[in-house]
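Engineer: turn this into a model:
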Amino acid sequence: KHISCREKCSEFFVVCFCSHNKLSSLPEQTCGLYNLRSFQLQYNHLQQLPDGIGMLVQLEELDLSHNQLISLPPTLGKLQNLIRLSVASNSLKSLPPEMSGMKALQELNITQNCLDFVPEELGTLPSLQMLLLQQNQLSSLPRLGCTKIKELHVGNNRICTLHKEQLETLSSLNVLDLRDNQLEALPSEIDLLQDLQRLDLSNNSLSSLPSSLGTLNKLHSLALQGNPLRSVRRDIISVVVHKPANIMSKNSNVQNISCSSNKQAAEVSDEVFDAAARATITTADFSQNMLTEIPSRIAELKDSVVDVNFGFNKIENLSPAFTSLVLLTHLHLSFPNLHLRFTVLPPVLCRLFALETVLASDNHISEIDAVALQRLPHLATLDLQNNDIQHVPPALAHCPVLRSLLIGGNPFRTPRPAIVAKGTAAVLDYLRSRIPD
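Structural biologist: The predicted structure is shown next:
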């Protein structure tokens, strides 16, 4: 509940681990640890930081995530050697403009706070390469002049428009995450992002796409699900790939195949896989059909596919051949409004060691094999909402990098709904508290 620091020991401290405790404040003495390089304070009860935090001028890594901070001291800007800063999962409503003084900062994580704007001064951080702003209340894209920025994540906000002025300084951007916003249109100036490799526009209000999107020659992942798109314009498709229309019915680049449609196919034709053999396929979308089993030729995509969607079908299990997809990182298995659904998470999943995302909501899954899931070293997102789970095993908290656990809509009694409503951090904290010492 508190830290005791002796001044004569300050010169010896280089790394300080104080995470997962009940600290409500930091004593001023901690600001005398002048040689400190890494300060780990995540998962505590901190409500504010001492002004003296700026004295830790050698600090390179500071993790303040999962606390109760409502503001940050301006003196934080004095940390000119800081490379990584995380203040994710707090209650911040604003950021001090003085943070622009962190000239070495490369990674800034402000996910899951209460920000409705980002001060323009932060856009001048000269070394910033990754900015995470998901799950805030932003109504517009922050204006960034950081010429080195490679990844910008602003999913789960309230962004409704993009402007040329916001894009023209992002020419080095590789990843742009805009999922779960309120975008109704993309500007034609999207072609300013010529280095863009991954663009996530899922769950917005887009009804059409600009033809300039087809000029992004480095783009290899484009997520569009959850938009009221009437169609993907043919000129976008023709710029990127010359393939039969039935292969490219929804996606718009050479590394995607899509067989989702309103025809409710009961099988995947050989023509699809024959065409896939002539390209490098990273995304395979077989959703919204009447498939009862995994196509046997799915194994032919093993050398390249990383994202597979079998949602909205009638598949009850995954064949052992699925384990050949050794590069698979994202798997969609949700089945709302169907009678045939998974009753357990297929054991084959736990042999796909590259998996990062498993979406398996709206099934009839009744139990979670936490020990098996712990074998997935990269599993970050697990969606098990609206299933029949009676018990949430505490060992689930031992999944090494799990940061998004969605388990609402199940009949278990603990953790209580009030805890589940607070989000993943609260659920994992509860599960850890249930693990015997």
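
Engineer: contacts only, for residue 174.
Structural biologist: For residue 174, the contacting residues are 150-151, 195-198, by C-beta atoms under 8 Å, 6 or more residues apart in numbering. For every residue, glycine as well, the C-beta is placed using N, CA and C.

Engineer: for residue 199, see how far away it is.
Structural biologist: Distance of residue 174 to residue 199, given as C-beta to C-beta, to the nearest Å: 10 Å.

Engineer: next one: residue 170
Structural biologist: In this view, residue 170 and residue 199 are 12 Å apart by C-beta to C-beta.

Engineer: cool, residue 180 as well?
Structural biologist: Counting by C-beta to C-beta, the gap from residue 180 to residue 199 is 14 Å.

Engineer: what of residue 283?
Structural biologist: Separation of residue 283 from residue 199 (C-beta to C-beta): 12 Å.

Engineer: now do the shared contacts for these two.
Structural biologist: residue 221.

Engineer: least trustworthy helix or strand in the protein by mean pLDDT?
Structural biologist: When the helices and strands of the chain are compared on mean pLDDT, DSSP states H and E, helix 234-240 comes out lowest with a mean of 38.

Engineer: which residue ranges of the stretch 151-300 of the chain form strands?
Structural biologist: For the stretch 151-300 of the chain, applying DSSP state E, counting those that start in this stretch gives strands covering 151-153, 175-177, 198-200, 221-223, 256-258, 283-285.

Engineer: neighbouring strands for the fourth one, and are they parallel or not?
Structural biologist: What that stands for is strand 221-223. According to DSSP bridges, strand 221-223 has the following sheet partners: strand 198-200 (parallel).

Engineer: what is the distance between the partner strand and the centre of its chain?
Structural biologist: Between the mean C-alpha point of strand 198-200 and the mean C-alpha point of its chain there is a distance of 12 Å (C-alpha atoms, centre = their mean, to the nearest Å).

Engineer: and if you look at stretch 76-83?
Structural biologist: The answer for stretch 76-83 is 26 Å, by C-alpha atoms, centre = their mean.

Engineer: pull the residues that contact that stretch.
Structural biologist: Residues contacting stretch 76-83 (C-beta under 8 Å, 6+ apart): 49, 53-62, 85, 96, 98-107.

Engineer: tell me the pLDDT of residue 7.
Structural biologist: pLDDT recorded at residue 7 is 47.

Engineer: that should have said residue 325, apologies.
Structural biologist: pLDDT, residue 325: 83.

Engineer: neighbours around the closest residue to it other than its chain neighbours, how many?
Structural biologist: Distances taken as C-beta to C-beta, 6 or more residues apart in numbering put residue 302 closest to residue 325, at 5.4 Å, once the chain neighbours are dropped. Residue neighbour count, defined by other C-beta atoms under 10 Å, stands at 15 for residue 302.

Engineer: if you count contacts, what does the longest helix along the chain end up packed against?
Structural biologist: For the chain, the helix that runs over the most residues, judged by DSSP state H, is helix 424-433. Under the contact criterion of 3 or more C-beta pairs under 8 Å, 6 or more residues apart in numbering; DSSP states H and E, helix 424-433 touches strand 404-406, helix 417-421.

Engineer: centre of the chain to the first one, how far?
Structural biologist: It refers to strand 404-406. Remark: strand 404-406 is offset 11 Å from the chain centroid, using C-alpha atoms, centre = their mean.

Engineer: ok, stretch 282-299 next?
Structural biologist: With C-alpha atoms, centre = their mean, you get 24 Å for stretch 282-299.

Engineer: tell me where this structure has helices.
Structural biologist: Assigned by DSSP H, the chain shows helices spanning 164-167, 234-240, 270-276, 370-373, 417-421, 424-433.

Engineer: now do the longest one: everything it contacts.
Structural biologist: Helix 424-433 is touched from outside by 20, 43, 66, 89, 392-397, 402-407, 414-415, 419-420, with contacts defined as C-beta under 8 Å, 6+ apart.

Engineer: which PyMOL command selects the buried ones in the residues you listed?
Structural biologist: To isolate the buried members of the contacts of helix 424-433 in PyMOL, using 16 or more other C-beta atoms under 10 Å:
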select buried, resi 43+66+89+392+393+394+395+396+397+402+403+405+406+407+415+420
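
Engineer: number of residues surrounding residue 274?
Structural biologist: By the measure other C-beta under 10 Å, the count of residues near residue 274 is 12.

Engineer: I misspoke; the intended subject was residue 155.
Structural biologist: A total of 21 residues lie near residue 155 under the criterion other C-beta under 10 Å.

Engineer: for it, which residues are in contact?
Structural biologist: Residue 155 makes contact with 134-135, 177-181, 200, according to C-beta under 8 Å, 6+ apart.

Engineer: could you identify the most distant pair in those residues?
Structural biologist: Greatest spacing in the contacts of residue 155, by C-beta to C-beta: 135 and 200 (14.3 Å).

Engineer: what residues of stretch 206-220 count as buried?
Structural biologist: Neighbour counts over stretch 206-220 (16+ other C-beta under 10 Å) mark 206, 209-210, 212-214, 216, 219-220 as buried.

Engineer: residue 33 contacts residue 58, correct?
Structural biologist: No: the pair residue 33 / residue 58 is not scored as a contact, 9.0 Å apart, by C-beta atoms under 8 Å.

Engineer: can you pick out the residue with more neighbours from these two?
Structural biologist: Neighbour count, other C-beta under 10 Å: between residue 33 and residue 58, residue 33 has more, with 22 against 15.

Engineer: picking up where we left off before, ok, the residue nearest to residue 325 to residue 295 distance?
Structural biologist: Here residue 302 is placed at a distance of 13 Å from residue 295 (C-beta to C-beta).

Engineer: pLDDT below threshold where in the stretch 1-150 of the chain?
Structural biologist: Across the stretch 1-150 of the chain, the ranges flagged by pLDDT under 70 are 1-13.

Engineer: change it to 50
Structural biologist: Within the stretch 1-150 of the chain, the ranges that satisfy pLDDT under 50 run 6-10.

Engineer: neighbour count: residue 180 and residue 199, which is higher?
Structural biologist: Comparing residue 180 with residue 199 by other C-beta under 10 Å, the one with more neighbours is residue 199, at 23 against 19.

Engineer: circling back to that earlier point, looking at the helices of the chain, which one has the lowest mean pLDDT?
Structural biologist: Least confidently modelled of these is helix 234-240, at a mean of 38 by mean pLDDT.
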